[in-house]
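Asks: okay, sequence plus prediction incoming.
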Amino acid sequence: MRQAEVKSFPAQRTVAVIGGITGLEPQYRRVLEERNFYSRIYNQNNNGLKGTAEGTDFIILFTATVSHSMALRARKMAHSSGIPLVTVKPSSVSALKKSLSALR
């Protein structure tokens, strides 16, 4: 007797996007939501990055549009917390899509 296949949907995972272009933030969020990701977007050097590690599954770092200090903090946070970090040079929506496919 064959068991019926049960389709399961992946649980929503959290992606922290660090850097990027402020004007593209709504498009970044849309791309993440379409792929069942919860987004945390940090495109300015602020202290909100401190609590980011808790509950974050992946970090995407747009290296062309982020300050050196913020990039360094993101790398340290990823390393100390064991969170996978993907670095992407262009801050385009298509680059975000490609980096998300690498996370799957």
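Replies: That came through, no problem. Residues are numbered from 1 along each chain as shown.
Asks: how about the secondary structure of His79?
Replies: helix (DSSP: H, G, I helix; E, B strand; the rest coil).
Asks: no, scratch that, I was asking about Gln27
Replies: Relying on three-state DSSP, one would call Gln27 helix.
Asks: show me the helices in the chain, by range?
Replies: Along the chain, counting by DSSP state H, helices occupy 25-34, 68-81, 93-103.
Asks: turn those helices into a markdown table, columns for distance to Gly19 and mean pLDDT.
Replies: For glycine as for every other residue, the C-beta is placed from the backbone atoms N, C-alpha and C. Formatted as a markdown table, these follow (distance: least, Cβ to Cβ, whole Å; pLDDT from 0 to 100):
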| stretch | distance to Gly19 | mean pLDDT |
| --- | --- | --- |
| helix 25-34 | 10 | 96 |
| helix 68-81 | 7 | 93 |
| helix 93-103 | 11 | 91 |
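Asks: what's the closest of these to Phe58?
Replies: Evaluated over the helices of the chain, closeness to Phe58 peaks at helix 93-103, with 5.2 Å, by Cβ to Cβ.
Asks: ok, residues contacting the closest one?
Replies: Outside helix 93-103, the residues that touch it by Cβ atoms under 8 Å, 6 or more residues apart in numbering are 15, 17, 24, 27-28, 31-32, 35, 37, 58, 60, 62, 84, 86, 88-89.
Asks: right, I'll leave it there.
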